[in-house]
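Undergrad: pasting the sequence and the predicted coordinates here, then a few questions.
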Amino acid sequence: MRAFSPDKRLHRRFEEVVRGALAAGSARVSEMVASLPSPLQNRFHQAKALYRFLSNPRVEAEALLDRVYQESATALEGEEVLVLLDLSPVAKPYARALEGIARVGKDRRPGYELLTALGLDPAGRLALGYAHLVAYGERGFASLPKEVEGAIEAARERLGGVGRRLVYVADRGFDDRKVFGQVLALGEEFVVRVYRDRKLGEGGSLAKVASSLALPCGEEVELRVWGRYQRVRLHFGWREVEVEGRRLHLVVCRVPALGRRGEWWLLTSLPVRGREEAAQVVEAYRRRWEVERFFRLLKTGLGLETFQVRGLARIRKVVAVLLGLAVFLWEVERLGDPFKGFLLQLGGKLGLPSERDGPYLLLRGLVRLLNYEVTQELLKQAKGGRGRSFG
């Protein structure tokens, strides 16, 4: 782990937060501390030390994220990178006194929203291009469109480059003509799943065209259906449309296995002159679904929604650490065997046909590997007479 800070004490506390979050699978400081070896000090003092780290003004969430931005972006390869825009609720249903908290998500529970822009290259490498915990009740909060505008610009600066094309891929929450205009003004492309009906320049409406469009093409892809990845059949068709003065393409895709969720109206600035290019648009949106794996690692594996610290500055520092860990875990999963298989075995994988490789198995394997290293270190200290004697 590279030095987070020239201050050795700050760096040590940072390592403890990282190890504790991995070991506990939780964002609660008390659970982080309980998961750490504490041979020289009691847990109360160690918890106080971690709280002081999160309160230290010299430790900024943006500085923590900058390291993740830089190191993950340099790993991207290829001439085209997908930029996956996402706005995910971070629910705190029983919290009332947290700074800036508001009602979020479809069920309007108290919490925040995490706005991210994730870069994904053809080989599946993931980079964090932007991340911000949106607090609608925060003093000075302007608007969500302003936040999205900042995310699009920051992602282009961090993930773009000479000779590289960025394709912004977003779900229905980003169905906004301002998003379309901003991406095109930057010289990039977009694929957005739309749900708002619009009048078309050639007459008629988007909904009418989408519902009557023939879907002559079909192919099999891998999608997560009811909690499992499986091969499913999809059908698609396309046509050129004029939307708000812009010549764009509408690709309509239907996935019967997904039921009502399987009707995709994809509006794109990419050229679509035939079946192959239409299939590329569908594939770009399908890969956007992979962001769900990232948030499973973040929420289910690392316990993003379990934090119990007050103050937005502290909360954002915890979120920054967990985002860095989620990017690391994504890369572990992407690389696959032998390291991933080794960690899954350490985590208790039995090899049954019905068994799922969930993030909990991966994390448990990492925890056991870390515990082994700590045990070896303590045994060396004991053997050298610098630690406790176990004999």
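TA: Thanks, I have the structure now.
Undergrad: pull the longest strand from this protein.
TA: Counting by DSSP state E, the longest strand found in the chain is strand 228-243.
Undergrad: direction included, what does whatever helix or strand comes next after that one pair up with?
TA: Per DSSP states H and E, the first helix or strand lying C-terminal to strand 228-243 is strand 246-254. Taking DSSP bridges as the criterion, strand 246-254 forms sheet pairs with strand 228-243 (antiparallel), strand 263-268 (antiparallel).
Undergrad: what mean pLDDT does the shortest one have?
TA: Strand 263-268 comes out with an average pLDDT of 95.
Undergrad: what sits up against the helix or strand just after that strand?
TA: Downstream of strand 263-268, the first helix or strand assigned by DSSP H and E is helix 275-288. Contacts with helix 275-288, where a contact means C-beta atoms under 8 Å, 6 or more residues apart in numbering, come from 82, 84, 120, 167, 169-171, 191, 193, 217, 219, 221, 223, 234, 236-238, 249, 251, 253, 264, 266, 268, 270-272. The C-beta positions use only the backbone N, C-alpha and C, and glycine is treated the same way.
Undergrad: then stretch 324-339?
TA: 18, 21-22, 64-65, 67-68, 72, 75, 124-128, 293-294, 297-298, 301-302, 340, 343, 359, 362-363.
Undergrad: just the buried subset of the contacts of helix 275-288, please.
TA: Burial by neighbour count, judged by 16 or more other C-beta atoms under 10 Å, picks out 82, 84, 120, 167, 169-171, 191, 193, 217, 221, 223, 234, 236-238, 249, 251, 253, 264, 266, 268, 270, 272 from the contacts of helix 275-288.
Undergrad: residue 86: helix or strand, and which one exactly?
TA: Counting by DSSP H and E, the element that carries residue 86 is strand 80-91.
Undergrad: helices and strands around that strand, which ones?
TA: strand 102-104, strand 109-120, strand 126-134, helix 144-159, strand 165-170, helix 275-288, helix 291-295 (3 or more C-beta pairs under 8 Å, 6 or more residues apart in numbering; DSSP states H and E).
Undergrad: what about the stretch 251-391 of the chain, any weak spots by pLDDT?
TA: Scanning the stretch 251-391 of the chain for pLDDT under 70 picks out the ranges 354-358, 385-391.
Undergrad: give me the low-pLDDT residue ranges for the stretch 1-150 of the chain?
TA: Residue ranges of the stretch 1-150 of the chain with pLDDT under 70: 1-16, 19-20, 22-25, 27, 29, 31-46.
Undergrad: can you name the residues that contact the residue nearest the centre of the chain?
TA: Nearest residue to the geometric centre of the chain (C-alpha atoms, centre = their mean): residue 294, 4.5 Å. By C-beta under 8 Å, 6+ apart, residue 294 lies in contact with 118, 126, 326, 330.
Undergrad: can I get those in CSV including distance to residue 371 and neighbour count?
TA: Below are the contacts of residue 294 laid out as CSV (distance: C-beta to C-beta, whole Å; neighbours: other C-beta atoms under 10 Å):
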residue, distance to residue 371, neighbour count
118, 31, 28
126, 27, 23
326, 21, 25
330, 23, 23
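Undergrad: closest to residue 109 among those?
TA: For those, the minimum distance to residue 109 (C-beta to C-beta) is 22.1 Å, reached by residue 326.
Undergrad: am I right that that closest one is in a strand?
TA: No: using DSSP: H, G, I helix; E, B strand; the rest coil, the secondary structure at residue 326 is helix, not a strand.
Undergrad: against residue 313, how distant is it?
TA: Using C-beta to C-beta, to the nearest Å, residue 326 is found at 21 Å from residue 313.
Undergrad: buried residues, stretch 176-184. List them.
TA: 176, 179-180, 182-183.
Undergrad: what's the most distant pair in those?
TA: Farthest pair in these, by C-beta to C-beta: 176 and 183, 10.6 Å.
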